[in-house]
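A.B. asks: I would like the atomic coordinates for the input below:
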Amino acid sequence: MAAAENCYDAAADLVRSAPAGQCAGTVISEDEAARIRQRRVNRIRQAMQVPPSPFPVSPTMRMKSVGTGFFVTRDGILITNDHVVAGCTALTAETSAGLSVPAKDIGHDRSDDLALLKIEQSVPVAAIFRDNDVEEGERVAAIGYPDQGMVSLRPVLAEGALTTARQAQGHQLAFHADVRPGNSGGPLLDGGGLVIGVVFAKIDTVKTYQATGRVVRDVGFAISNQAVARFLRGYHIARATLPPGPGLSMAEVLARSSPFVVRIECWN
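C.D. replies: Next comes the predicted model:
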């Protein structure tokens, strides 16, 4: 059996065990791995505590769930999924820089699974949406805070490709990527970093196998820009748009999107 080594994924801030010579990140020592794991545990413990005043969270509340959202305007309006915020007594939004602030629920479209939140401060950057249609086979990236066995503390990128550009009523996209709980509400970006949809679900592998006899994994679904635009118009919110630009590396896509992607925390 090949020896294992500690492989550090800096983007996800995770240490994984990998067969020798197969590490896709940085090989680190046992001591370094232990320090990183403990640092992550400490941060998660801190994140799960009740935020200090003036947050709208009582001492008896605990974090119920985590999702993703992203800013659509620089005055603090962000979009996420309706199911991410449903049933929450209080909401907080944490930026990739570690700033955690209260978030107010200001709008919903349950049929398209969309919700609007507002924080009471301006932000340095908001997402830019693509202003034309997408095509099957395009390279895409889902950015969010997926559950990787532990709570994700930084935005994580899942690279993939569009598999279906149109579905029922033209308001959904299907794509092949490693989407997990916690990605809900995050942006689906094209290869140039422009938003083409809002991630809301992944395929149910077990149910699909029971219904079709096929094993289908790593398929996600996103609400298309057309549906998002209708939703935002209903609340008189303008979004920035651009035509497709030159392709970027996935590292560049993550770096450009991280400032406008936030972790949505649901408290009860």
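A.B. asks: in what helix or strand does Val253 lie?
C.D. replies: Secondary structure from DSSP states H and E places Val253 in helix 250-257.
A.B. asks: What is that helix packed up against?
C.D. replies: strand 139-144, strand 156-164, strand 187-190 (3 or more Cβ pairs under 8 Å, 6 or more residues apart in numbering; DSSP states H and E). (Glycine included, C-beta is placed from N, CA and C.)
A.B. asks: partner strands of the last one, parallel or antiparallel?
C.D. replies: Spelled out, that is strand 187-190. Sheet pairing of strand 187-190 (DSSP bridges) gives strand 139-144 (antiparallel), strand 195-202 (antiparallel).
A.B. asks: how about the shortest one as CSV, C-alpha atoms only?
C.D. replies: As requested, the backbone C-alpha atoms of strand 139-144 are provided in CSV (Å, rounded to 0.1, in the frame of the first residue of the first chain):
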residue,chain,number,x,y,z
ARG,A,139,-17.1,26.2,-18.6
VAL,A,140,-18.7,27.4,-15.3
ALA,A,141,-17.8,27.8,-11.6
ALA,A,142,-20.1,27.6,-8.6
ILE,A,143,-18.8,29.8,-5.7
GLY,A,144,-20.0,29.2,-2.2
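A.B. asks: follow-up on the earlier one: name the stretch from the strands paired with strand 187-190 where average model confidence is lowest.
C.D. replies: Among those, strand 195-202 carries the lowest mean pLDDT, a mean of 92.
A.B. asks: any idea of the angle it forms with helix 250-257?
C.D. replies: Counting by axes from the mean of the first three to the mean of the last three Cα atoms, to 10 degrees, strand 195-202 lies at 100 degrees to helix 250-257.
A.B. asks: 28 is where my numbering starts, stick with that
C.D. replies: Shifting the count to begin at 28 puts that one at strand 222-229.
A.B. asks: hmm, who's touching strand 222-229?
C.D. replies: With contacts defined as Cβ atoms under 8 Å, 6 or more residues apart in numbering, strand 222-229 is touched by 95, 97, 106-108, 110, 140-141, 154-157, 161, 167, 169, 171, 200, 206-207, 210-217, 245-252, 255.
A.B. asks: Show me the residues you listed that map onto strands.
C.D. replies: Among the contacts of strand 222-229, the ones falling in strands (DSSP state E) are 95, 97, 106-107, 141, 155-157, 167, 169, 171, 200, 214-217, 246-251.
A.B. asks: show me where the chain has helices.
C.D. replies: 57-74, 109-112, 232-239, 252-261, 277-284 (DSSP state H).
A.B. asks: Of the ones you listed, which shows the lowest average pLDDT?
C.D. replies: Taking the mean pLDDT of these, helix 232-239 comes last: a mean of 50.
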